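Student: could you work out the structure for the sequence below:
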Amino acid sequence: MPKDKKPTPEQITEVRKRFLEKMEFEPPEDAFHDKDIARIKDNDIWLSQLLQVYDLDVEKTLQRLWENCAWRKSFGVNEIDESNVNAEYLHDGQIFVRNKDKDGKPLLILSMKKHSKSQNSDELMRIIVYWIERIHRENYLEKVTIFMDMSGTGLSNVDLDFIKRIIELFETKYPSAPNYILVHDLPFLLNAAFKIVKTFLPADALEILKVTSKKDITLYVDKDNCLKLWGGNDDYEYKFA
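Tutor: Residues are numbered from 1 along each chain as shown. Predicted coordinates:
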């Protein structure tokens, strides 16, 4: 998760140099995707973000970068689009992107009242990756605010395993992506479950975790960027586009 320390050009260069040397002398069995290699060679942003997350630890950054490239290849991240994800989940409005927070970062909205344990969590994770990658293509490696909309959510919608997978996805695969984690309109009866969820979060994530209600959501998302459901001005109803 995000840190404040800024890497030096020398640290960025060292990570890049050592990664490419390892590629040459110890290549992976399944070659990394050309787009990911190009992102490492041609731009400092990804390397800089990872160095920040890992406290400027070059060794750890190198290890995590290698693991990330391997995951992106095996998961088929660069090939994910609307043609190869679950169409029902893409269109049902459980997971989508709409508007921005006060820092100008896109809101990745998870409408938890639409979730059911009977859903295929692997397919749902592909939907989340689809939206993150879409944001990153439109605004290069942009941070996102994870907006967990708990409005109308009941015990039947609670899926701790699914929430844990989302946390692990961001912690290990997109560690520099979160701007805030907003948990909105948490019903009282889910307080116990929320306490369990907080134990899944690393310390850095807890720092950007905010629980909001209609009274204070505008601290993070202004009225025009809030859906009417949240007490805002946007009467948008989700339709995939």
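Student: the residue nearest to the spatial centre of the chain: helix or strand, and which one exactly?
Tutor: Nearest residue to the geometric centre of the chain (C-alpha atoms, centre = their mean): F170, 4.8 Å. If you go by DSSP states H and E, F170 is part of helix 160-172.
Student: then L110?
Tutor: Element membership for L110 (DSSP H and E) is strand 106-111.
Student: got the angle between that strand and helix 160-172?
Tutor: Strand 106-111 and helix 160-172 are oriented at 170 degrees to each other (axes from the mean of the first three to the mean of the last three C-alpha atoms, to 10 degrees).
Student: in its sheet, what does strand 106-111 sit against?
Tutor: Strand pairing for strand 106-111, determined by DSSP bridges: strand 95-100 (antiparallel), strand 144-149 (parallel).
Student: in the following helix or strand past that strand, what's buried?
Tutor: For strand 106-111, the following helix or strand on the C-terminal side (DSSP H and E) is helix 121-138. Within helix 121-138, the residues that count as buried by 16 or more other C-beta atoms under 10 Å are L124, M125, R126, I127, I128, V129, Y130, W131, I132, E133, I135, H136. Quick note: C-beta positions are derived from backbone N, CA and C, even for glycine.
Student: what's the closest of the residues you listed to H33?
Tutor: Distance to H33 across the buried residues of helix 121-138 (C-beta to C-beta) is lowest for E133, with 12.1 Å.
Student: give me the pLDDT for the closest one.
Tutor: What the model reports as pLDDT for E133 is 97.
Student: one more: A193?
Tutor: Note for A193: predicted pLDDT of 93.
Student: need the contact list for it.
Tutor: Listed by C-beta atoms under 8 Å, 6 or more residues apart in numbering, the contact set of A193 reads L155, V158, L160.
Student: end to end, how far does stretch 228-241 reach?
Tutor: Stretch 228-241 has an end-to-end distance of 20 Å (C-alpha to C-alpha, to the nearest Å).
Student: and that stretch, what's its mean pLDDT?
Tutor: Averaged over stretch 228-241, pLDDT sits at 95.
Student: narrow the contacts of A193 to just the buried residues.
Tutor: Those of those that meet the buried threshold are V158, by 16+ other C-beta under 10 Å.
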